[in-house]
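*Asks:* need a structure here:
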Amino acid sequence: MAEETGNEAIKKEDALAEFRRKRDELKLQLHLGSKDAKDRWEEVTAEWDDFLTRAQFEKSAEEIGEAAREMGLKVKAAFDRMKGAPKNGE
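*Replies:* From the prediction side, this is the model:
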């Protein structure tokens, strides 16, 4: 095996340094990418939670509306019964 010359050793060190630099850059990009993905996930889940809240509110409003309609019918029926009932002394 031939011994490395000074130039070859420097080239290997430079190549190793370049490899480390690229590895570190990639690691940083992965970290930033995961941060970006996490941020996007949080945005999407916040929108989903907002949607569910609105859907629940609309459902509740619909249920309240239905209950109000039923109550209105009962009040009307009671009023109609009172209106049609004989008055005292008639």
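*Asks:* where's T45 relative to R54, distance?
*Replies:* T45 is 15 Å from R54, where distance means CB to CB, to the nearest Å. For every residue, glycine as well, the C-beta is placed using N, CA and C.
*Asks:* Could you look up the SS state of E8?
*Replies:* helix (DSSP: H, G, I helix; E, B strand; the rest coil).
*Asks:* Nearest to the spatial middle of this protein, which residue is it?
*Replies:* With distances taken as CA atoms, centre = their mean, the residue of the chain nearest its centroid is T45 (1.2 Å).
*Asks:* if I pick that one, what's in contact with it?
*Replies:* Shown in contact with T45 (CB atoms under 8 Å, 6 or more residues apart in numbering): no residues.
*Asks:* check which helix or strand covers it.
*Replies:* T45 belongs to helix 6-84 when assigned by DSSP states H and E.
*Asks:* quick one: that helix to chain centroid distance?
*Replies:* Put simply, helix 6-84 sits 1 Å off its chain's centre (CA atoms, centre = their mean, to the nearest Å).
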